[in-house]
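Undergrad: Structure for the following, please:
(2 chains)
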2 protein chains.
Amino acid sequence: MPEFLELLPPQEALNMFWEAFSPLPSGEECDAAQALGRVTVSPVIAPYPLPSFPRSTVDGYAVRATDTYGASDTLPAYLQVIGEVPMGGASDFSLTSGTCALIHTGGMLPEGADAVVMVEYTQNVRPEETEILRAAAIGENVLKVGEDVAEGQEVIPAGVRLRPAEIGGLMALGITNLLVARKPQVGIISSGDEVQPPEAEIGPGQVRDVNSYSLSALVQGAGGVPRRYGIVPDRIEALRSTAAEAVKDNDLVVITAGSSASARDLTAQVINELGSPGVLVHGVNVKPGKPTILAVCDHKPMIGLPGNPVSALVIASLFVVPVIERLQGLRHQRPKPSLTARLNLNLASQAGREDWIAVRLDRGPDGYIAEPVFGKSNLIFTLARADGLVRIPPDANGLNAGETVEVTLL
Amino acid sequence: MPEFLELLPPQEALNMFWEAFSPLPSGEECDAAQALGRVTVSPVIAPYPLPSFPRSTVDGYAVRATDTYGASDTLPAYLQVIGEVPMGGASDFSLTSGTCALIHTGGMLPEGADAVVMVEYTQNVRPEETEILRAAAIGENVLKVGEDVAEGQEVIPAGVRLRPAEIGGLMALGITNLLVARKPQVGIISSGDEVQPPEAEIGPGQVRDVNSYSLSALVQGAGGVPRRYGIVPDRIEALRSTAAEAVKDNDLVVITAGSSASARDLTAQVINELGSPGVLVHGVNVKPGKPTILAVCDHKPMIGLPGNPVSALVIASLFVVPVIERLQGLRHQRPKPSLTARLNLNLASQAGREDWIAVRLDRGPDGYIAEPVFGKSNLIFTLARADGLVRIPPDANGLNAGETVEVTLL
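TA: Alright, predicted model coming up:
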């Protein structure tokens, strides 16, 4: 497919790409204590109810509710204190009519008790007797067995990214390891005759490799495992052998092209040789990032990114991050927070094309002010100086100063 | 300081705590490729300018601008093509009047050239001659030396958390390692006679340790290194010796109290013995989390959290996360995105107290709808079922159904 014949809008391109590969088939066992950010592959079912015994939610006296009916400040119920509920064990006594027991928050109700009266509504007269100043309803201040979670209940669905709360919940149920999606291995290839490793002394006309590292960091942040394949010169044999090796060993391969048009065409050619169906999208209607390639080679997704470091990172956040999520089988997308700001100057854009502009954010009196970070350079420090990106939708001719815009944080 | 004598609002409590300890004094060398999320301890200064040579931003012809003045479709300028600029090297020719050279995006301008004409505005007539159809101004389509970054310029200030863009920028400058703040070591102690390790078979009245693990995950997500000290029974000697060990080996210690009032008092007592000034805040005007303790013992911050897993996690996100950021010396706070939703029912609250309510979010026709996740249980799955927390400010008596609320994602 020749470059730029048909420019798809980014979302349409992503949708088409989406259908052409599947989540990673197998999961792996993971220590639940290390599972932050991992994605469940099957629903987690509660093996026991929670709580597993009737628990007091307050400090006070465990009672039989009927013994407290009608009790008030002026007409207390007098109950015999027959013991103190131990923390972490069952009581060795049970309540009969007219008796109560001291209980602490989290304590297990003794047999015969069906409610707890808060200590604030009691008064100790003698060591073995307490005055109950408030009537308690059955179940008051008590957690019933299974009130949080019933035995057999699905507590975490499949396809959920685990947060601290889920990790705590797993522990509460004694689930100390579980099946999670593998972290997708992402092969990253930089290409370009002018590109040198960051540690190299560079000569005239040479630049250091930015993309391998900025993309590795992005992949890592998205839950993938980056694997760098170094810098490949703009020769088809070199790119072909490195790309073939990367496809074999990874779940996703990302290639940043050399910056010239011919170097970019090389990427598409190599990808098409690697497997079918090959290149699905060549050219996306977005700036920066028009020469983006989306491909699938024998079920493995591949993404060709522009060589310019800013374009590469912007496009990777649009395409690489969702692909990593899909490979992990993420199904439950949490709502995404957003940030709005007011533009401080006019931004022109070509109608029909989606534009992404780097902006700095400053706190103004009525919220954030977005100031575009320009520089025809379009070099990496444009992004390092920015807080986020503003999208100019394809149906706009630009945005006006004063308009409220949504900012995607970098 | 006895519990609850004086209840500070959370923000005031945090401010007071803030002043009582300092960021970690020393940084550590870190491989820049592994530095995602780390915080700079000193400004990063550019050792070279970027770009380090004049670069073309397009594919086209390097020219002397004066040779193109007046050129148009109907009256092209004819220039002699004297060569092609190699990628990754300097040209072995220089332009004289009437000559030009083929150049690719990112190529180094040959000596004598001061502008580039895009290939779209040229036409090849003979191999050694090209027609220039558009005049170029001096500097057009050229990045000047230092246009992105000047030599000696501060490119990343101290106290910045590194994102993929900064990592790329470091590489562009050949900075392959740098000084970053140590990851704060956070000692986590669970206490309570009823608490058992997650892998244990539990008996009547016993529950599994949730807090050690949910808090470890929270600490990890915030950039700290959690170290778990297991579960300590509600005896002062046991808590004292474990807490003393944890304070010695960590930068921050977090203790979750046993659930009874007496167990909570134990924590304050032990902290006061460990060093001065000891407990600074005992009791915060927030629900859940009233019994929170903020303390500093011989320059080390310590936080006492309620034993209830929901309270512990909510309060940790209010207090533990900012403390980890401060220990790392984070100075440049990026703007925080937010999420607003409409409440779907009335929420009562006590005036004068800040309340945090767990909510689920559903997409409605006009944005998100926040549905409180109740359960008197207040057990961990309340949070696992929720997407975020809604704050009821202390000056409100509650919130009404239909009100727009800000949701802090969990």
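Undergrad: mind listing what's buried in the longest strand along chain A?
TA: Taking DSSP state E as the criterion, chain A has its longest strand at strand A:354-364. Neighbour counts over strand A:354-364 (16 or more other CB atoms under 10 Å in any protein chain shown) mark A:E354, A:D355, A:W356, A:I357, A:A358, A:V359, A:R360, A:L361 as buried. For every residue, glycine as well, the C-beta is placed using N, CA and C.
Undergrad: Who are the packing partners of that strand?
TA: For strand A:354-364, the packing partners by 3 or more CB pairs under 8 Å, 6 or more residues apart in numbering or on different chains; DSSP states H and E come out as strand A:286-287, strand A:339-343, strand A:367-372, strand A:388-392.
Undergrad: For the residue lying closest to A:L109 once chain neighbours are set aside, give its distance to B:G139.
TA: Ranked by CB to CB, 6 or more residues apart in numbering or on different chains and with sequence neighbours excluded, the top spatial neighbour of A:L109 is A:P54, at 4.2 Å. Counting by CB to CB, to the nearest Å, the gap from A:P54 to B:G139 is 80 Å.
Undergrad: in the stretch 201-350 of chain A, which spans are helices?
TA: Assigned by DSSP state H, counting those that start in this stretch, the stretch 201-350 of chain A shows helices spanning A:211-221, A:236-249, A:261-274, A:309-327.
Undergrad: quick one on the thing from earlier: what lines up beside the longest strand of chain A in the sheet?
TA: strand A:286-287 (parallel), strand A:367-372 (antiparallel), strand A:388-392 (antiparallel) (DSSP bridges).
Undergrad: which residues does the residue of the stretch 201-350 of chain A found nearest chain B contact?
TA: Across the stretch 201-350 of chain A, the shortest distance to chain B (CB to the nearest CB) belongs to A:S214, at 3.1 Å. Residues near A:S214 by CB atoms under 8 Å, 6 or more residues apart in numbering or on different chains: A:P309, A:A312, A:L313, A:I380, B:P164, B:A165, B:I167, B:G168, B:M171.
Undergrad: Quick one: which of those residues has the lowest pLDDT value?
TA: Across those, the bottom pLDDT score, 84, is held by A:I380.
Undergrad: so A:G106 touches A:S56, yeah?
TA: Yes. The criterion here is CB atoms under 8 Å, and A:G106 meets it with A:S56 at 6.8 Å.
Undergrad: Low-confidence regions, the stretch 151-300 of chain A specifically.
TA: Within the stretch 151-300 of chain A, the segments meeting pLDDT under 70 span A:259-261.
Undergrad: now do 80
TA: Filtered on pLDDT under 80, the stretch 151-300 of chain A yields the residue ranges A:258-264.
Undergrad: sorry, back to before: most tightly surrounded among the helices of the stretch 201-350 of chain A?
TA: helix A:211-221 (a mean of 26; mean count of other CB atoms under 10 Å in any protein chain shown).
Undergrad: Could you tell me the angle between it and helix A:309-327?
TA: 30 degrees (axes from the mean of the first three to the mean of the last three CA atoms, to 10 degrees).
Undergrad: Export the helices of the stretch 201-350 of chain A to TSV and append columns for distance to A:G70.
TA: Below are the helices of the stretch 201-350 of chain A laid out as TSV (distance: least, CB to CB, whole Å):
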stretch	distance to A:G70
helix A:211-221	62
helix A:236-249	76
helix A:261-274	82
helix A:309-327	60
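Undergrad: and of those, who's closest to A:K336?
TA: The closest of the helices of the stretch 201-350 of chain A to A:K336 is helix A:309-327. By CB to CB, the value is 11.6 Å.
Undergrad: helices and strands around that closest one, which ones?
TA: For helix A:309-327, the packing partners by 3+ CB pairs under 8 Å, 6+ apart are helix A:10-19, helix A:211-221, strand A:252-256, strand A:300-305, helix A:380-384, helix B:164-172.
Undergrad: hmm, back to that, wait, which of the helices of the stretch 201-350 of chain A is closest to A:M87?
TA: Set against A:M87 and scored by CB to CB, the helices of the stretch 201-350 of chain A come closest in helix A:211-221, at 42.4 Å.
Undergrad: what's the distance between the closest one and the middle of its chain?
TA: 17 Å (CA atoms, centre = their mean, to the nearest Å).
Undergrad: residue contacts, the residue nearest to A:L109?
TA: A:M108, A:L109, A:V142, A:L143, A:K144, A:V145.
Undergrad: Apart from its chain neighbours, what residue comes closest to the fifth one?
TA: The one in question is A:K144. Computed as CB to CB, 6+ apart, the closest residue to A:K144 that is not its neighbour in sequence is A:P54, at 6.1 Å.
Undergrad: Distance check, the one you found against B:T122.
TA: Using CB to CB, A:P54 is found at 85 Å from B:T122.
Undergrad: And A:E166, by the same measure?
TA: From A:E166 to B:T122 the distance is 60 Å (CB to CB).
Undergrad: which of these two has more neighbours?
TA: Set side by side, A:E166 and B:T122 show more neighbours around A:E166, with 28 against 23, by other CB atoms under 10 Å in any protein chain shown.
Undergrad: so A:A35 makes contact with A:L162?
TA: Yes. Taking contacts as CB under 8 Å, A:A35 lies within contact range of A:L162: 5.0 Å.
Undergrad: Between the two, which contacts overlap?
TA: Taking CB under 8 Å, 6+ apart as the criterion, A:A35 and A:L162 both touch A:L170, A:V180.
Undergrad: distance between the ends of stretch A:55-74?
TA: Start-to-end span of stretch A:55-74 (CA to CA, to the nearest Å) is 29 Å.
Undergrad: All good on my end, thank you.
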